[in-house]
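Q: Please work out how this folds:
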Amino acid sequence: MPYLSQHHWVDRIAGWLYWWKHAREEHERGIPLTAETGRKLEGCKDWTWNMALDPRMTLRPMALADVPLLDLWDRQPHVIAATSDNPDQPKAFGDTYWPDELALTAPDNRYVIAELDGRPIGAMQIIDPCTEQTHYWGEVEPNLRAIDIWIGAADDLGKGYGEMMMRRAFQVCFAEPAVTAIVIDPLASNTRAHKFYRRLGFVPEDRRLFGDDDCLVHRLTREAWRQRFPND
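A: Got it, this is the predicted structure:
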């Protein structure tokens, strides 16, 4: 293919990706789509779900050396808003003291740091809700995993990192053959998170109170994961 022709196609693909990203963001903010834009998004969604997972995105165990960064992230307004309906909350996760929290790490309660090219961008907790020692989820069926996720810096929002982190976590969870599904508990008020999780294949189940937090539980089955991300 001639040089100019090659760059013509690169420019077309780059332009399409730019349009798709902004159209999807407007849709998630509740901005009405034109009929033509809606058809384009519907037609392209299967292709985007089948895009290869960026190998630069990795998960590693959280360590005590991460505590200063975690404390910084806990005070970011977007992290607080995702974890509490109280606008006056000074930090996320209440009175969590990270050294004590990390001391609870066990095979059924893991904290991980997500890195992009070695740069920490977010954190996740992956638990077995049936067996972990706090029994946060109460009485729950076996063979599940539960995930919490947060992006640390506001500058890293809106770049697709959350989806990459979740897809890595899906791989970790479903690598265990007995695991049948993953559950999450975003705040009922966090409608933007609901749209994000549903785009990944989660289905809303029921509204529950976890302590003082009013949450909308979602579930992703192994079958739905395989269908949504067959190449992962």
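
Q: which non-adjacent residue is nearest residue 180?
A: Nearest residue to residue 180, sequence neighbours excluded (C-beta to C-beta, 6 or more residues apart in numbering): residue 143, at 4.8 Å. From N, CA and C alone the C-beta is placed, and that goes for glycine too.

Q: who touches the one you found in this structure?
A: The contact partners of residue 143, by C-beta atoms under 8 Å, 6 or more residues apart in numbering, come to 130, 178, 179, 180, 181.

Q: and what of residue 67?
A: 98, 99, 102.

Q: Could you do residue 83 as well?
A: By C-beta under 8 Å, 6+ apart, the contact set of residue 83 is 89, 92, 93, 150, 187.

Q: now the helices for the chain?
A: Secondary structure of the chain (DSSP state H): helices at 3-28, 35-49, 67-74, 77-83, 98-103, 161-174, 191-199, 222-228.

Q: so how far is residue 216 from residue 119?
A: For residue 119, the distance to residue 216 equals 32 Å [C-beta to C-beta, to the nearest Å].

Q: Which one's more surrounded, these two?
A: Set residue 119 next to residue 216 and count neighbours by other C-beta atoms under 10 Å: residue 216 wins out with 20 against 10.

Q: In the sheet, which residues pair with the nearest residue to residue 61 once chain neighbours are set aside? Tell me.
A: Leaving aside its sequence neighbours, residue 61 sits nearest to residue 112 (C-beta to C-beta, 6+ apart; 6.1 Å). Counting by DSSP bridges, residue 112 is bridged to residue 61, residue 124.
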